[in-house]
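Novice: Sharing a model that was predicted from the sequence below.
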Amino acid sequence: MNVQEIIVAILVLVSLGIVLRKVFFFFKHAEENNNPCANCSSGCDLKRMMDEKKQQCGKRSTQKKKNCCG
């Protein structure tokens, strides 16, 4: 094995470790009757935030623009 193959193997193992750790903590929180998605944004929250942002942008764009031609 050359150096490049060793580096790739290490990266794969680290990535696999991170994924397994996330899965473990997901099931650990579910087992403790905690909501595993408590810190996640739901689709409704994201839609509400987007609608609020659109309203804010709408208020800014409704300002009357100056007419340079009279």
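Specialist: Thanks, I have it. Numbering: from 1, shown residues only.
Novice: Which stretches in this protein count as strands?
Specialist: With DSSP state E, there are no strands along the chain.
Novice: what residue ranges in the protein score low on pLDDT?
Specialist: Filtered on pLDDT under 70, the chain yields the residue ranges 30-43, 58-67, 70.
Novice: top helix in it by residue count?
Specialist: helix 3-31 (DSSP state H).
Novice: Buried residues in that helix, which are they?
Specialist: Within helix 3-31, no residue counts as buried by 16 or more other CB atoms under 10 Å. Every C-beta, even on glycine, is put in place using the N, C-alpha and C of the backbone.
Novice: what packs against that helix?
Specialist: Using 3 or more CB pairs under 8 Å, 6 or more residues apart in numbering; DSSP states H and E as the contact test, no helix or strand touches helix 3-31.
Novice: Going forward, the N-terminal residue is numbered 673.
Specialist: That works, and once the first residue is 673, the last one we named lands at helix 675-703.
Novice: can you pull the contacts of C729?
Specialist: Residues near C729 by CB atoms under 8 Å, 6 or more residues apart in numbering: none.
Novice: how close does V675 sit to A681?
Specialist: 11 Å (CB to CB, to the nearest Å).
Novice: same thing with L692?
Specialist: L692 is 16 Å from A681, by CB to CB.
Novice: What of L718?
Specialist: L718 is 38 Å from A681, where distance means CB to CB.
Novice: and what of F698?
Specialist: 26 Å.
Novice: swap in F696?
Specialist: When distance is defined by CB to CB, F696 is 22 Å away from A681.
Novice: what does N674 give?
Specialist: 11 Å.
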